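Chemist: make a model of this:
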Amino acid sequence: MEMTEEQINKLINKLNDEDYDVRKNVEDILIKVWKQSIEPLITALNHDNPEIQIESARILGKMGDETALDALIEAMKDGNPEFRREVSLAISKIVEKDP
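Modeler: Sure thing, here's the model as predicted:
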């Protein structure tokens, strides 16, 4: 499945949808297009909406791609403790995954 950056960004903006099923479907799609979505998800760590930041960190952790590590480490400086907790979990998942 090929997606444009614009399509991926539209999906990322749905990560704060009130409906859990919508958020879960978006997550599933972003994980399926892993290589295309990793950079937009890294960018979303700096999104204006804290819910989108948190969900982006969670998805990056599920992906387990080391490409995201530097951005996640930088995100630990954020003032939102809930976001930092999710970032910390994502870093742990990436670092602790089996080689």
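Chemist: only C-alpha atoms for contact and neighbour calcs from this point on.
Modeler: OK.
Chemist: tell me the pLDDT of Asp98.
Modeler: Looking at Asp98, its pLDDT reads 56.
Chemist: now do Tyr20
Modeler: Predicted confidence (pLDDT) for Tyr20: 94.
Chemist: can you tell me how far it is from Glu6?
Modeler: 23 Å (CA to CA, to the nearest Å).
Chemist: with just CA atoms, put stretch 9-21 into PDB.
Modeler: Taking only C-alpha atoms (Å, rounded to 0.1, in the frame of the first residue of the first chain), the coordinates of stretch 9-21 have been written out as PDB:
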ATOM      1  CA  ASN A   9      -0.600  13.500   7.900                       C
ATOM      2  CA  LYS A  10      -4.400  13.400   7.600                       C
ATOM      3  CA  LEU A  11      -4.400  10.100   9.400                       C
ATOM      4  CA  ILE A  12      -2.000  11.400  12.100                       C
ATOM      5  CA  ASN A  13      -4.400  14.200  12.700                       C
ATOM      6  CA  LYS A  14      -7.100  11.600  13.400                       C
ATOM      7  CA  LEU A  15      -5.100  10.200  16.300                       C
ATOM      8  CA  ASN A  16      -7.100  12.400  18.700                       C
ATOM      9  CA  ASP A  17     -10.500  11.300  17.400                       C
ATOM     10  CA  GLU A  18     -13.100  10.700  20.100                       C
ATOM     11  CA  ASP A  19     -13.900   7.300  18.700                       C
ATOM     12  CA  TYR A  20     -11.500   4.600  19.900                       C
ATOM     13  CA  ASP A  21     -12.200   2.500  16.800                       C
END
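Chemist: which parts of that stretch are buried?
Modeler: Residues of stretch 9-21 classed as buried under the neighbour-count rule (16 or more other CA atoms under 10 Å) are Leu11, Ile12, Asn13, Lys14, Leu15, Asn16.
Chemist: and for stretch 30-44?
Modeler: Buried residues in stretch 30-44, counted by 16+ other CA under 10 Å: Leu30, Ile31, Trp34, Gln36, Ser37, Ile38, Pro40, Leu41, Ile42, Ala44.
Chemist: how near is the fifth one to Asn9?
Modeler: If you measure Ser37 against Asn9 using CA to CA, the figure is 9 Å.
Chemist: just the third one next, same as before
Modeler: According to CA to CA, Trp34 stands 13 Å off from Asn9.
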